[in-house]
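Visitor: predicted structure and sequence below. I'll ask about it afterward.
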Amino acid sequence: MKILFLSRWFPFPTDNGSKLRIYNLLRGLADRHEVHLLSFADEPADAEKKELQAICATVRVAPWREFRPSNLSALMGFFHPQPRSLIDTYSAEMENAIQQALLGEDFDLVILSQWQMAAYRHLVKDVPALFEEIEVGVLYEQYQKAAGLARMRAALTWHKHRRFLDRVLMGETCTVVSEKEQSLLLSLVSEADIHVIPNAVSVQSYEHVHEAPEPDTMIFTGSFRYRPNYEAMIWFAGFVLPLIQEQIPHVRLTITGDPAGLPFPAYQGVVQTGFVDNIYPLIARSWVSVVPLLVGGGTRLKILEAMALGTPVVSTSKGAEGLNAQPGKQLLIGNTAEQFARQTIVLLRDVDLRKRLAVDALRFVKEQYDWEAVLPIFLDVVESAGRKNFQEDEAFVR
């Protein structure tokens, strides 16, 4: 098939979970189909474009503009039925790029990666569609947890998203990353064909990393551009870390990823590296990977990466949500500051526990979350979507 892939994220370098997922999906698609990538981007370098041109027939980009609630278009969005963020970030450049891509090209399928790209479905309404990684768990949780005036605003935002998704996704094929996301989306959309395609890692790509783990070291990998990562580190550094330091004073925490310009106080023993070209050695050298997420949806690539690199994980239940990992066997779980600190201290001190968790976790990832196993499932969904629409067209002709 000839596929037009519309992406919210330019998938190289693979420095966040969304980019890593998209890159691996493109790699799998390109083995069987002709893929044309049209992506938002923050001015990618020529070398980064060439990396994608090696697997895609064409690569086009449009500049991404972050949602700014104080913009006039966003303020006017209070009176519009669509979500304000979609109105404010809607891109004339992306619209033009899509129209240019359609000139003289007959696509068999369009894949719209992440829910923001659904705003451009009307431009390719005559092409069969697959909506990839539709995640709404974060918005739902914000609505559920908000109080007072904030709850009224969150309720309005959630209501607009529900109506928008129900209208756009009705009768379409969609993918989500977990069964919880699938259940939530099924409750929103009147009619949709929704498949679970979990996040995964390419285990083979980590096998060349050989680092000696350093005692009393922890790592958190995640860009603060994803707000739940920032909130997780504010909570961990402010409430969990002091409890750990009472028992292990010289413990060190490394935080990698784009700080996104957000304020983060200086804490003893905490280092923010910013973006790192290759975080694999840093993860492999760390004694523990901490995932103290309190909100969010989907599944955590940071957990799967740590497991693939032999670094044991301490997480909240929310952080590990969507994974089939068993607490005490493949990772440790703590949901309060005291519980999280206690589990981390135990793991920092117990060499045998660390080794056992690392071995079980690596086996778990190989069996359930390796792209070699997940990609064939995704490709079946893609090809089924193409066949379904072809059959509908054939029936109409008859």
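Guide: It's in. Numbers count the residues shown, from 1 in each chain.

Visitor: measure the nearest residue to Ala146 once chain neighbours are set aside to Asp88 for me?
Guide: Excluding the flanking residues, the one nearest Ala146 by Cβ to Cβ, 6 or more residues apart in numbering is Ala154, at 4.0 Å. Heads up, the C-betas are built off the backbone N, CA and C, glycines and all. Going from Ala154 to Asp88 by Cβ to Cβ, to the nearest Å gives 17 Å.

Visitor: need the contact list for the residue nearest to Ala146.
Guide: 142-143, 146 (Cβ atoms under 8 Å, 6 or more residues apart in numbering).

Visitor: can you check Ser223 too?
Guide: Listed by Cβ under 8 Å, 6+ apart, the contact set of Ser223 reads 15-16, 229, 257-258, 260.

Visitor: from those residues, which land in helices?
Guide: Asn229 (DSSP state H).

Visitor: just the closest of the contacts of Ser223 to Lys50, please.
Guide: Nearest to Lys50 out of the contacts of Ser223 is Asp15 (Cβ to Cβ; 17.1 Å).

Visitor: quick one: the strands in the stretch 251-398 of the chain?
Guide: Along the stretch 251-398 of the chain, counting by DSSP state E, counting those that start in this stretch, strands occupy 252-256, 270-274, 286-291, 313-315, 332-333.

Visitor: got TSV for those, with mean pLDDT and mean neighbour count too?
Guide: Shown next, in TSV, are the strands of the stretch 251-398 of the chain (pLDDT from 0 to 100; neighbours: other Cβ atoms under 10 Å):
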stretch	mean pLDDT	mean neighbour count
strand 252-256	97	21
strand 270-274	95	14
strand 286-291	97	25
strand 313-315	98	27
strand 332-333	98	21
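
Visitor: may I see these organised as CSV, with distance to Val35 added?
Guide: Converted to CSV, the strands of the stretch 251-398 of the chain look like this (distance: least, Cβ to Cβ, whole Å):
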stretch, distance to Val35
strand 252-256, 30
strand 270-274, 32
strand 286-291, 32
strand 313-315, 33
strand 332-333, 39
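
Visitor: ok so, going back, most neighbours among the contacts of Ser223, which one?
Guide: Taking other Cβ atoms under 10 Å as the neighbour criterion, Asn229 ranks highest of the contacts of Ser223 with 26 neighbours.

Visitor: ok, the residue nearest to that one when sequence neighbours are not counted to His122 distance?
Guide: Once flanking residues are discounted, Asn229 sits nearest to Gly222: 3.7 Å by Cβ to Cβ, 6+ apart. Distance, Gly222 to His122, by Cβ to Cβ: 34 Å.

Visitor: before we move on, the earlier item: so the residue nearest to Asn229 touches Phe236, yeah?
Guide: No. Shown here, Gly222 and Phe236 do not form a contact pair, counting by Cβ atoms under 8 Å, at 11.3 Å.

Visitor: of those two, which one has the most company?
Guide: Between Gly222 and Phe236, Phe236 has the larger neighbour count (other Cβ under 10 Å), namely 27 against 22.

Visitor: does the more buried one touch Pro292 like I think?
Guide: Yes. Counting by Cβ under 8 Å, Phe236 does reach Pro292; the two are 4.3 Å apart.

Visitor: shared neighbours of those two, anything?
Guide: Joint contacts of Phe236 and Pro292 (Cβ under 8 Å, 6+ apart) are 220, 340.

Visitor: where do the helices sit along the stretch 1-150 of the chain?
Guide: With helices called from DSSP state H, counting those that start in this stretch, the stretch 1-150 of the chain shows them at 17-30, 46-53, 72-76, 84-89, 92-102, 137-145, 148-169.

Visitor: same deal with the stretch 251-398 of the chain?
Guide: Counting by DSSP H, counting those that start in this stretch, the helices of the stretch 251-398 of the chain are 280-285, 301-308, 337-349, 351-368, 371-397.

Visitor: next, count neighbours for Phe40.
Guide: Phe40 has 22 nearby residues by other Cβ under 10 Å.

Visitor: OK, contacts around the closest residue to it other than its chain neighbours?
Guide: Excluding the flanking residues, the one nearest Phe40 by Cβ to Cβ, 6+ apart is Trp64, at 3.8 Å. Contacts here follow Cβ under 8 Å, 6+ apart; on that basis Trp64 touches 8, 40-42, 89, 91.

Visitor: run the last query once more with 10 Å
Guide: With contact taken as Cβ atoms under 10 Å, 6 or more residues apart in numbering, Trp64 is in contact with 8-10, 39-43, 89, 91, 93-94, 116.

Visitor: most neighbours, which of those?
Guide: Of those, with other Cβ under 10 Å as the count, Ser39 tops at 28 neighbours.

Visitor: hang on, that one packs against Leu4?
Guide: No. Ser39 is beyond contact range of Leu4, at 11.2 Å (criterion: Cβ atoms under 10 Å).

Visitor: related to what we said a few turns ago, most tightly surrounded among the helices of the stretch 251-398 of the chain?
Guide: Of all the helices of the stretch 251-398 of the chain, helix 301-308 carries the top mean neighbour count, a mean of 26, counting by mean count of other Cβ atoms under 10 Å.

Visitor: which stretches of this protein have low pLDDT?
Guide: For the chain, applying pLDDT under 70 flags the ranges 297-299, 388-398.
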